[in-house]
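K.L.:
I would like the atomic coordinates for the input below:
(2 chains)
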Amino acid sequence: MRFDVDSFREIADSLVRNKSRSLLTGFGVFWGIFMLLFLMGGGQGLKQLIFSNFEGFATNTGILISSQTTLPYKGFKEGRYWRLNYMDVERLKQMMPELETVTPVINTGGREAIFGTNTSSVSVRGIYADYDRIEEPRIKYGRYINETDILQERKVCVIGKRIYNELFPDGGDPCGEFIQVGPVFYQIVGVDFSSGNISIGGRADQTVFVPLPLAQKIYNRGANVDLICTAAKSGIRMSEQEPRMREILSRQHLFDPKDKQALVIINTEQMFALVDNLFRGVNFLIWLVGLGTILAGVIGVSNIMMVTVKERTTEIGIRRAIGATPRDILSQIILESIALTLVAGSFGIVFSVQLLRLLETIVKMNPDNPAASFQIGFWTAIIAALLLTALGVVAGLAPASRAMSIKPVDAMRDE
Amino acid sequence: MLIELKDVNKTYNNGQPLHVLKGINLDIDRGEFVSIMGASGSGKSTLLNILGILDNYDTGEYYIDGKLIKNLSEKQAADYRNRMIGFIFQSYNLIGFKTAVENVELPLFYQGVARKKRHQMAMEYLDRLGLADWATHYPNEMSGGQKQRVAIARALITRPQIVLADEPTGALDSKTSVEIMELLQQLNREEQMTIIVVTHESGVANATNKIVHIKDGIIGQIEDNREHQASAFGTTTIMK
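P.N.:
Coordinates of the predicted model:
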């Protein structure tokens, strides 16, 4: 195979000679690679946006909520209310060693926090110190609720991001300040900046976290709790623990263990799996559509190369007569095909990268949106370029084999 | 002998078998200026294709400079064509989107000659044929005679042993035809170039030193024509 600057000039020449034809053919490839990369980047960004809702949430968490029974059981009619209580927490802890954390939560919503002249509508959540295993806090200032707070029932609190922004618009470390929630003053010991969107009785950024025994007394909650949050040990699937939890609690509270409505168990593992599956489906579609479009483009390239070869029968015959080997002709056609695919495809790559950058900028303009990366990776782009080269070769194969079959005598016969 | 053909046969099998060459025996020595004459359908084009290694023959033997030309691979055939044979065609067969100098360079490109070197050589040959000023022009900007001279430069640039011309004046007017034939005569005289011209024009044949008549696939008479008196109407001009 002979190869020098002129080879490239010739390829460029022959592509430029049929400008509109090359342009229209290249557009198919351009659009294909653009679609694939843009959808890949977009899908990835969207996935990150959605997963940021689960931010800080343990992936194998089960949240137990008591509700009205829907089945009659042991002489009780359906439609009976029951409540979870502290004894259930202890029971679950002792009877289910598979659970790493079992922690109760009580919620009171619709309250107002006041600091100076600033107010913020909040919900108050009583928690134990190990609640951080369920919903991981991002402490910006100070610390989280700890064991001593619980034992001594201190009137301290950790506030969410939004409360902090509304009560302390000037910023700064609020730790040590007292805020009023209802009739009670709490001393701020920490600020939690986590922005997850999973809400267990109110979003974390609008929640005042206080020690649970304190909340229990202040809000007259007795022995009942609103939720019990559980996290399984690593390697143990939460969904496999569900029946046992139902069994333990139904025995105690006399509801039918088959009554899914009586005890609602929100399983984050299942939610994760759901979203994950959704995106697996989306990704499959992206690949299907993207690769399909590229393939259509490449077939277009192959077709147009076929026409080119037909048009240039005489020229190829002349080349053969004056000493071009079949391999020379083969490489010429294949290189032209690669050049067309690669140039068109490179524009597609560049265009999709630019558009993804724009998309990322637009998403970032709204500060409420969590950070998400829409951009495709460097190596993805390189692989895309390699893929295009390979497809260029494939597209050139059929036309090249036709070109190779042209005999030098055809040059003279064609006249 | 530069060229030896021994009992060469060729049959085309397109539906009805057509026996085109029926045992050709022909010797051509180095430095000869030969024309092959015959009516259309006489097999002269087939003979030229075989001489130019553009086509295969069925039986017999064909030697160039002692080398048997038979059952060559495509690559080998391409290499022989490139190094041993220069082609001049009736329809010039220049590549339309290449300039004169690029057309002349092309055989050297396939030889793998460096870019600068082949450009320099191409310019040299164009200059010798008086076309240096036309080097960067495209074929469609040139006259027929100019185009044929570019084609001759392309045929000569590899310093071939044989120049094969297929109706080299077929598309030219009589004045230009004379010029082209004189150019070929000059090449033969001054550089001892072996030239074989295929034609059906007696005037063109008369410009050569030896006329091989071919009829119905058999070589008839071989005329010695060093006096250029071959035909009554060919002595002074090339008849169209």
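
K.L.:
List the contacts of the residue in the stretch 251-400 of chain A positioned nearest to chain B.
P.N.:
Nearest to chain B, among the residues of the stretch 251-400 of chain A, is A:Gly323, at 2.5 Å (CB to the nearest CB). For every residue, glycine as well, the C-beta is placed using N, CA and C. Under the criterion of CB atoms under 8 Å, 6 or more residues apart in numbering or on different chains, the contact list for A:Gly323 reads B:Ala78, B:Asp79, B:Arg81, B:Asn82, B:Arg83, B:Pro107, B:Tyr110, B:Gln111, B:Thr158.

K.L.:
The last one belongs to a helix?
P.N.:
No. Per DSSP: H, G, I helix; E, B strand; the rest coil, B:Thr158 lies outside any helix segment and is coil.

K.L.:
ok so, going back, now narrow the contacts of A:Gly323 to whatever sits close to chain A.
P.N.:
The subset of those lying close to chain A, counting by CB under 8 Å from any CB of the partner chain, consists of B:Ala78, B:Asp79, B:Arg81, B:Asn82, B:Arg83, B:Pro107, B:Tyr110, B:Gln111, B:Thr158.

K.L.:
Number of residues surrounding the last one?
P.N.:
Counted with other CB atoms under 10 Å in any protein chain shown, the neighbours of B:Thr158 add up to 21.

K.L.:
for A:Arg154, phi and psi?
P.N.:
Here the main-chain torsion angles of A:Arg154 (degrees, to the nearest 10) amount to phi -70, psi 150.

K.L.:
And the pLDDT at B:Lys240?
P.N.:
Reading off the confidence values, B:Lys240 has pLDDT 42.

K.L.:
re earlier: which SS class is the residue of the stretch 251-400 of chain A closest to chain B?
P.N.:
Here A:Gly323 is coil, with the state taken from three-state DSSP.

K.L.:
so what pLDDT did it get?
P.N.:
At A:Gly323, the model reports a pLDDT of 86.

K.L.:
Could you find the closest non-adjacent residue to it?
P.N.:
In space, and not counting its chain neighbours, A:Gly323 is closest to B:Asn82: 2.5 Å by CB to CB, 6 or more residues apart in numbering or on different chains.

K.L.:
was I right about the one you found contacting B:Tyr110?
P.N.:
Yes. Assessed by CB atoms under 8 Å, B:Asn82 is found in contact with B:Tyr110 at 5.6 Å.

K.L.:
Could you pull out the residues contacting both of those two?
P.N.:
Common neighbours of B:Asn82 and B:Tyr110 (criterion: CB under 8 Å, 6+ apart): A:Ile322, A:Gly323.

K.L.:
Burial check on B:Leu126, number of neighbours?
P.N.:
Residues near B:Leu126, counting by other CB under 10 Å, number 23.

K.L.:
residue contacts, it?
P.N.:
Per CB under 8 Å, 6+ apart, neighbours of B:Leu126: B:Ala100, B:Val101, B:Val104, B:Ala132, B:Trp134, B:Ala135, B:Val150, B:Ala153.

K.L.:
Drop anything exposed from these.
P.N.:
In the contacts of B:Leu126, burial by neighbour count holds for B:Ala100, B:Val101, B:Val104, B:Trp134, B:Ala135, B:Val150, B:Ala153, counting by 16 or more other CB atoms under 10 Å in any protein chain shown.

K.L.:
Adding secondary structure and distance to chain A, write those out as a markdown table.
P.N.:
Output for the buried ones among the contacts of B:Leu126, formatted as a markdown table (DSSP: H, G, I helix; E, B strand; the rest coil; distance: CB to the nearest CB, whole Å):
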| residue | secondary structure | distance to chain A |
| --- | --- | --- |
| B:Ala100 | helix | 15 |
| B:Val101 | helix | 12 |
| B:Val104 | helix | 10 |
| B:Trp134 | helix | 19 |
| B:Ala135 | coil | 15 |
| B:Val150 | helix | 13 |
| B:Ala153 | helix | 12 |
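
K.L.:
Now do the helices in chain B.
P.N.:
Counting by DSSP state H, chain B has helices at residues B:44-51, B:74-84, B:100-111, B:115-128, B:144-156, B:174-191, B:202-206.

K.L.:
Which other helices and strands does the second one contact?
P.N.:
Of the remaining helices and strands, those touching helix B:74-84 by 3 or more CB pairs under 8 Å, 6 or more residues apart in numbering or on different chains; DSSP states H and E are helix A:326-365, helix B:100-111.

K.L.:
if we look at the shortest one, which residues are touching it?
P.N.:
The one in question is helix B:100-111. Contact with helix B:100-111 is made by A:2, A:6, A:319, A:322-325, A:328, B:78, B:82-83, B:94-95, B:98, B:117-119, B:121-123, B:125-126, B:131, B:134-139, B:142, B:150-151, B:153-154, B:157-158, as judged by CB under 8 Å, 6+ apart.

K.L.:
And those, which of them are buried?
P.N.:
A:6, A:319, A:322-325, A:328, B:78, B:82, B:94-95, B:98, B:118-119, B:121-123, B:125-126, B:131, B:134-135, B:138-139, B:142, B:150-151, B:153-154, B:157-158.

K.L.:
For the stretch 101-250 of chain A, which residues are neighbours of chain B?
P.N.:
Selection of the stretch 101-250 of chain A residues close to chain B by CB under 8 Å from any CB yields an empty set.

K.L.:
isn't A:Gly176 right up against A:Ile188?
P.N.:
Yes. Taking CB under 8 Å as the definition, A:Gly176 is a contact partner of A:Ile188 at 6.8 Å.

K.L.:
and these two? which has more neighbours close in?
P.N.:
Set A:Gly176 next to A:Ile188 and count neighbours by other CB under 10 Å: A:Ile188 wins out with 24 against 9.

K.L.:
For that one, give me its contacts.
P.N.:
Contacts here follow CB under 8 Å, 6+ apart; on that basis A:Ile188 touches A:Gly142, A:Val156, A:Cys157, A:Val158, A:Ile159, A:Pro174, A:Cys175, A:Gly176, A:Glu177, A:Phe178, A:Ile179.

K.L.:
Is it in a helix, a strand, or coil?
P.N.:
strand.

K.L.:
and it, bridged to which residues?
P.N.:
A:Cys157 (DSSP bridges).

K.L.:
now chain B, which segments are flagged as low pLDDT?
P.N.:
When residues are selected by pLDDT under 70, those of chain B lie in B:229-240.

K.L.:
what about B:Gln16, how many residues close to it?
P.N.:
6.

K.L.:
quick one: it from B:Lys44, how far?
P.N.:
Shown here: B:Gln16 relative to B:Lys44, a distance of 21 Å by CB to CB, to the nearest Å.

K.L.:
and what of A:Ser337?
P.N.:
Applying CB to CB, the value for A:Ser337 to B:Lys44 is 40 Å.

K.L.:
quick one: B:Ile50 and B:Lys70, what's the gap?
P.N.:
For B:Ile50, the distance to B:Lys70 (CB to CB) stands at 10 Å.

K.L.:
the more surrounded of those two?
P.N.:
The neighbour comparison of B:Ile50 against B:Lys70 (other CB under 10 Å) goes to B:Ile50, with 22 against 12.

K.L.:
No further queries at this time; thank you.
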